[in-house]
Structures are given as structure tokens and as C-alpha cells.
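# Got a predicted structure here, sequence first:
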Amino acid sequence: MSSAGPLRSRRPEPVALEAHAADNLRFIRETMERAGSFTAVPGWGGFAIGWTALAASFVAAQQTNPNAWLATWLAEALVPLLSGPGRKFALSFVPPLLVGALLTVALFRAGYAAVLPGMWLLLYGTAVVTGGAFSVRVVPVMGLCFMFTGALALFSPASWGNWFMAVGFGALQIIFGLVIAKRYGG
């Protein structure tokens, strides 16, 4: 007579709770890493902003008094801030924008309009670095480039201010806008 085997097949050993939890944590970590490679800065939007800034730098260079120069650049600032992506951008950059607005009024009234290009580039760069800390790596690099351009503007002749604005808000926006659009979409 043959020996009778078990009537039921053996069940697999239950998965240890620790192993199950480790698998879940690994899945969550990998998902967050993939999600962490987003960019809060729209590439094509930055590209377009760069071109409008180049146009504004041309118009601002034609102005004969500081009030008209300031009005040109303030109008340029409104163009990107009132667009769809610009509104989201503005919300995330509110503190540096408010500081920039307050300092603009104070410095302009005190007769220090020559430092405005450097200050604007520095504050914008600071906002991009901090706002892009959890974005793709190129975003904080862009902010550092703005800060470097702003620092140069502060210690250069005042007559070069408009050129620094064109380089920063124009050329840098176009270059980084293209890089972001090509590598990360949109």
C-alpha cells in the first residue's frame, strides 16, 4: 500500500510583513524619484518670454528718460506674468517679486535707477534657484546664470544696464527655454 500524501497542496509561506513593507517603500521611493524630475518652468514659455524681453530691451534702449525706461520694463514684466503659465510662475515667485517691487520704488525714487537691472536679475535668479530646487537640474543652473549676470550688472557702467537685461531676460530665457523644452517637454 502506498503512503497517502497530503490531500491539500502546500501553501506558499506567507510573505513576511517586513518584506512586504520594504517592497511598498521601494515602490513609493521610485515613484517619487520619477515624479521629482518635473520642471515647473515651461520651456516654450521661457523661450517666448526671452523674445519679448529682447524686444523690450530694444524699446527701452530708445527711451530718453528713466521714467520711460522703467515703464517699458514694467510693461514687459506684465506680459509674461499675465499669461497662463506666467500666473502660476508668479504665484510661486511672489516673495522675490514683492521685494523687487518695493526696492524698485525705493531705489528709483532715491535716484538709483542704475542698479535696477542688477537687482532685478539677482532677485529673479534667486527665485529661480529656490523655486527650481525640486525641479530638473537645469532650472537652478539657469537661476545661477541670472544671478551671475545680475552681479556683473551691478559692477558695470550704468549705461550697460539695458544690455544686461537683454542678455539675462532675453538670451538666457531663450537658451534655457529651448533646453527645457527639448529635454523635458513643453
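Thanks, I have the structure now. Everything numeric here is computed off the predicted structure, so don't read it as measured data.
# Helix or strand: which one has the residue nearest in space to the middle of the chain?
By Cα atoms, centre = their mean, the chain has its centre lying nearest to Val128, at 4.0 Å. Using DSSP states H and E, Val128 sits within helix 116-131.
# how about the helix or strand just after that helix: buried residues?
Next along the chain after helix 116-131, taking DSSP H and E as the criterion, comes helix 138-154. Neighbour counts over helix 138-154 (16 or more other Cβ atoms under 10 Å) mark Val138, Val139, Pro140, Met142, Gly143, Cys145, Phe146, Met147, Thr149, Gly150, Leu152, Ala153 as buried. Heads up, the C-betas are built off the backbone N, CA and C, glycines and all.
# Would you format those residues as CSV with distance to Gly111 and pLDDT included?
CSV is the format used below for the buried residues of helix 138-154 (distance: Cβ to Cβ, whole Å; pLDDT from 0 to 100):
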residue, distance to Gly111, pLDDT
Val138, 38, 90
Val139, 35, 88
Pro140, 34, 91
Met142, 32, 94
Gly143, 29, 93
Cys145, 29, 97
Phe146, 25, 96
Met147, 25, 97
Thr149, 24, 98
Gly150, 20, 97
Leu152, 22, 98
Ala153, 18, 97
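# Among these, which one lies nearest to Leu103?
Leu103 lies nearest to Gly150 out of the buried residues of helix 138-154, by Cβ to Cβ, at 12.6 Å.
# I'd guessed Met142 sits against Gly132; true?
Yes. Counting by Cβ atoms under 8 Å, Gly132 is a contact partner of Met142 at 7.3 Å.
# Distance of the closest residue to Gly125 other than its chain neighbours relative to Leu82?
The shortest distance from Gly125 to any non-neighbouring residue, by Cβ to Cβ, 6 or more residues apart in numbering, is to Phe146 (3.0 Å). Counting by Cβ to Cβ, to the nearest Å, the separation of Phe146 from Leu82 is 21 Å.
# repeat for Val167
Val167 is 24 Å from Leu82, by Cβ to Cβ.
# next one: Trp73
Counting by Cβ to Cβ - Trp73 and Leu82 are separated by 15 Å.
# got it, and Gly185?
Counting by Cβ to Cβ - Gly185 and Leu82 are separated by 24 Å.
# go on, Leu107?
25 Å.
# quick one: which of those two has more around it?
Leu107 (15 against 10; other Cβ atoms under 10 Å).
# residues in contact with that one?
Going by Cβ atoms under 8 Å, 6 or more residues apart in numbering, Leu107 touches Ala113, Val115, Leu116, Met119.
# Just among those, which is most surrounded?
Leu116 (22 neighbours).
# picking that back up, looking at the contacts of Leu107, which is nearest Ala181?
Met119 (28.5 Å).
# which one is that closest one nearest to, not counting chain neighbours?
Leu103 (6.0 Å).
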